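K.L.:
Sequence first, predicted coordinates after that:
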Amino acid sequence: MEIKTKKVLTTKNLTMIAMFSAISAVLMVFEIQLPFSPSFVKFDFSDLPVMLGGFLIGPFAGGIIAFMKILLHFLLNGTTSFFVGDLSNLLLTLSFVLPASFIYQQKKTKKTTIQGLLVSIICTSLLAIIFNLFLIFPLYLKVLNLKMVDLINMIHVVNPLVKDVFTMIVFSLLPFNLFKYSIVSMITMLSYKKLSILFKE
């Protein structure tokens, strides 16, 4: 592990990590509201630079970029969710980046790229449900002094299909995360090869 860490923490790689972290933090600002998700859950492309960094440098670097993204965003914009949203973002970014970048590093082929991204999409979409139900939503509700029924009613306003916890998972949480991470994965596939050539040069 020490040897691998030294290989990651070269001047070139540290420069790339800093660049990807900065780009990712900036992209967090440009959020998009999807019609089937509540107002506090928004789509952005900030995971794209993290995934590219994980592919180019490795999972360890991807993890660093994920942490730096949250830190830089907090320093620039503060927090609007008492750090609950920031925690959620960090957990899901790590869940998305680490499996794909680890699988890809074992054998750098187009096949493993696709396999890694598919595994990450599925893992992150499922973990998002677990994290939200048992950690993020309870923290969010505690901070705002609300109950789960209040949260469901908030989501029901923008998505009438959501009427209870089960329908919230099926018609809101799962579609949002499948959509988000599929889009980011497709853009990663389209841009990674060209970026890797520049990185090697």
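P.N.:
Noted; the coordinates are in hand.

K.L.:
ok, now which ones touch Met28?
P.N.:
Contacts for Met28 (CB atoms under 8 Å, 6 or more residues apart in numbering) come out as 44, 46, 69, 73, 77, 89. Placement of C-beta: from N, CA and C, glycine included.

K.L.:
Quick one, which of these are buried?
P.N.:
Neighbour counting by 16 or more other CB atoms under 10 Å classes 44, 46, 69, 73, 89 among the contacts of Met28 as buried.

K.L.:
Not counting sequence-adjacent ones, nearest residue to Ala128?
P.N.:
The shortest distance from Ala128 to any non-neighbouring residue, by CB to CB, 6 or more residues apart in numbering, is to Asn177 (4.6 Å).

K.L.:
how close does the one you found sit to Gln106?
P.N.:
To Gln106, Asn177 is 25 Å away according to CB to CB, to the nearest Å.

K.L.:
Using the three-state scheme, assign Leu161.
P.N.:
Classification of Leu161 using DSSP: H, G, I helix; E, B strand; the rest coil returns coil.

K.L.:
can you count the residues close to it?
P.N.:
Here the number of neighbours of Leu161 (other CB atoms under 10 Å) works out to 13.

K.L.:
Would you mind confirming that it is in contact with Thr167?
P.N.:
Yes: if you go by CB atoms under 8 Å, Leu161 and Thr167 touch, sitting 5.9 Å apart.
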